[in-house]
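Asks: Here is my input, please return the structure:
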Amino acid sequence: MPDAQPKMEEIVSLCKRRGFIFPSSEIYGGLNSSYDYGPLGSELKRSVKDYWWKSMTQAHTDIFGLDSAILMAPKIWKASGHLDNFTDPMIDCKSCKSRFRADHLPPDTTACPKCKEPTLTDARNFNLMFKTFMGPLEDQANTVFLRPETAQGIYVNYQNVLTTSRSKLPFGIAQIGKAFRNEITPGNFTFRTREFEQMEMQYFVKPGDDEKEISRWKDFRQTWYEKLNIQSDRLRFHEHKGNELAHYAKAAFDIEYNFPFGWSELEGIHNRTDFDLTRHQTHSGKNLQYFDEATKEKFIPYIIETSAGCDRAMLCILCDAYAQEEARTVLRFAPFIAPIQTAVLPLVRKDGLADMAANLTQALQKKFRVQMDTTASIGKRYRRQDEVGTPFCVTLDYETKENQTVTIRHRDSMQQERIAMDQVEAYLMPHLQMPLQ
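Replies: Numbering: from 1, shown residues only. Below is the predicted model:
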């Protein structure tokens, strides 16, 4: 049976207690909706990004990596429509100074949901881009923006990648990077923040091939989450229809996860047609058409986009892995992304066992993420490793000194088995190696 849905406060508490995620600037009182990834969180996040990158680039011969700049020419945001249209309707309360998105309030609301006073302002559009200045003068001529998405960096480099990779359609460009949105109402821990990380792949195809390609990428991306051991009954597709469908999209689907606060978007898979390249061709004056040598045709490629939020994927993984059992709290991470993949535990710190454990730790660190833990009783150490999601514990005891064998304990079943110490690496490898999707 699926595990019971955890409460959000349980996830937040565990993340702080065990070093996954901390409130940012905490010693100064914090900064609203900003978070720092601690020792375990940063390892988990890097593993998630590595798995995404490997499944997109290494697993495909027609997808190439990119790392575009955060600061780009302001004309890019004019061409993309962000300067004119990247807005949320905002309502302020004059009494308590709270701020709300107008589309999140019931129609014809007159009283503030927080203080109940009838002091709400009229709705006005609020641009979500962060503005800054390049150079010594803070004036309109030197205005630049922190990118609100990573996709535009891909679009403006489309021809550069096409030429240098010597590719033909279809081909894709993958990128992982920070994006920034001045959200009116961030919240739900790391789900909606003003600074976040995206994992995006834009796949360029010939018009007419777009429908089969979006279907293919829907299946591929769903499988990616399943390989992370995400429970299938907590995943679903939501199709955008009617007013939900963005003006540039022919079709759009969200992969949604059932978080403790309800169903919400993990990733968007969109058929963006030729909108983006056409806009950039018009505004830049550069010819962005593709020439098909086989048919002698010229056309603007269609784009199939897969856009995943890394921070949302992290939160999904933490929520889905969390289980509260009678005697323990456990995080059932897929072993290949666990921040600590193996814990080496000498039964006692004396009689040479700690030295043997240190030697084994050093050998295993060449292949895996390993922690040696010597403090507290062996039972408490098992529980501690369960709570941070360590899939395997290797225990050295007095029998180890006699016959060079160790006990391997499995996190999920808590079953133990005895194997030769020189076989530990070979035993762990098939369980901990990152798959190539």
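Asks: check contacts around the spatially most central residue of the chain.
Replies: Ranked by distance to the mean C-alpha position of the chain (C-alpha atoms, centre = their mean), the top residue is Cys310 at 1.2 Å. Residues near Cys310 by C-beta atoms under 8 Å, 6 or more residues apart in numbering: 45, 48-49, 52, 176, 196-199. Using the backbone N, CA and C atoms, a C-beta is placed for each residue, glycine as well.
Asks: And for Gln198?
Replies: Contacts for Gln198 (C-beta under 8 Å, 6+ apart) come out as 149-150, 175-179, 307-310.
Asks: pLDDT on the helix or strand containing it, on average?
Replies: Taking DSSP states H and E as the definition, one finds Gln198 inside strand 195-205. For strand 195-205, mean pLDDT is 97.
Asks: what's whatever helix or strand comes next after it packed up against?
Replies: Next helix or strand after strand 195-205 toward the C-terminus (DSSP H and E): helix 210-227. On a contact count with 3 or more C-beta pairs under 8 Å, 6 or more residues apart in numbering; DSSP states H and E, helix 210-227 meets strand 195-205, strand 235-239, strand 251-259, strand 262-271, strand 302-309.
Asks: and helix 210-227 with strand 251-259, angle?
Replies: Here the directions of helix 210-227 and strand 251-259 differ by 10 degrees (axes from the mean of the first three to the mean of the last three C-alpha atoms, to 10 degrees).
Asks: what about helix 210-227, distance to the chain center?
Replies: Distance, stretch centre to chain centre, for helix 210-227: 17 Å (C-alpha atoms, centre = their mean, to the nearest Å).
Asks: Show me which residues of that helix are buried.
Replies: Using 16 or more other C-beta atoms under 10 Å as the test for burial, helix 210-227 gives 210, 213-214, 217-218, 220-222, 224-225.
Asks: for stretch 16-34, same thing?
Replies: Under 16+ other C-beta under 10 Å, the buried positions of stretch 16-34 are 18-21, 23-24, 33.
Asks: among these, which are in helices?
Replies: Using DSSP state H, the subset of these located in helices is Arg18.
Asks: Sort the buried residues of stretch 16-34 by pLDDT and name the bottom one.
Replies: Ranked by pLDDT, those bottom out at Ser33, which has 88.
Asks: need the contact list for it.
Replies: Counted by C-beta under 8 Å, 6+ apart, Ser33 has contacts 183, 186-187, 192-194.
Asks: Make a ChimeraX selection of the buried ones in those residues.
Replies: Remark: buried members of the contacts of Ser33, expressed as a ChimeraX selection using 16+ other C-beta under 10 Å:
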select :183,186,192,193,194
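Asks: Nearest to Lys241 among the contacts of Ser33?
Replies: Using C-beta to C-beta, Arg192 is the member of the contacts of Ser33 that sits closest to Lys241, with 23.1 Å.
Asks: Let me know the distance separating the closest one from Glu265.
Replies: With distances taken as C-beta to C-beta, to the nearest Å, Arg192 is found 10 Å from Glu265.
Asks: same thing with Phe126?
Replies: Taking C-beta to C-beta as the measure, Phe126 falls 21 Å from Glu265.
Asks: So the nearest residue to Asp122 once chain neighbours are set aside: helix, strand or coil?
Replies: Distances taken as C-beta to C-beta, 6 or more residues apart in numbering place Ile91 nearest to Asp122, at 7.4 Å, with adjacent residues excluded. Following DSSP: H, G, I helix; E, B strand; the rest coil, the label given to Ile91 is strand.
Asks: can I assume Ile91 is in contact with Phe126?
Replies: No. Applying C-beta atoms under 8 Å as the test, Ile91 and Phe126 come out as separate, 9.9 Å apart.
Asks: So those two - more neighbours on which side?
Replies: When Ile91 is set against Phe126 and neighbours are counted by other C-beta atoms under 10 Å, the residue ahead is Ile91, at 21 against 18.
Asks: In three-state terms, how would the residue located most distally from the centre of the chain be classified?
Replies: Centroid-distance maximum for the chain: Glu402 at 46.6 Å, with C-alpha atoms, centre = their mean. Here Glu402 takes the helix state, with states given by three-state DSSP.
Asks: hmm, back to that, and the contacts of Cys310, which is closest to Ile340?
Replies: Set against Ile340, the nearest of those by C-beta to C-beta is Lys45 (14.1 Å).
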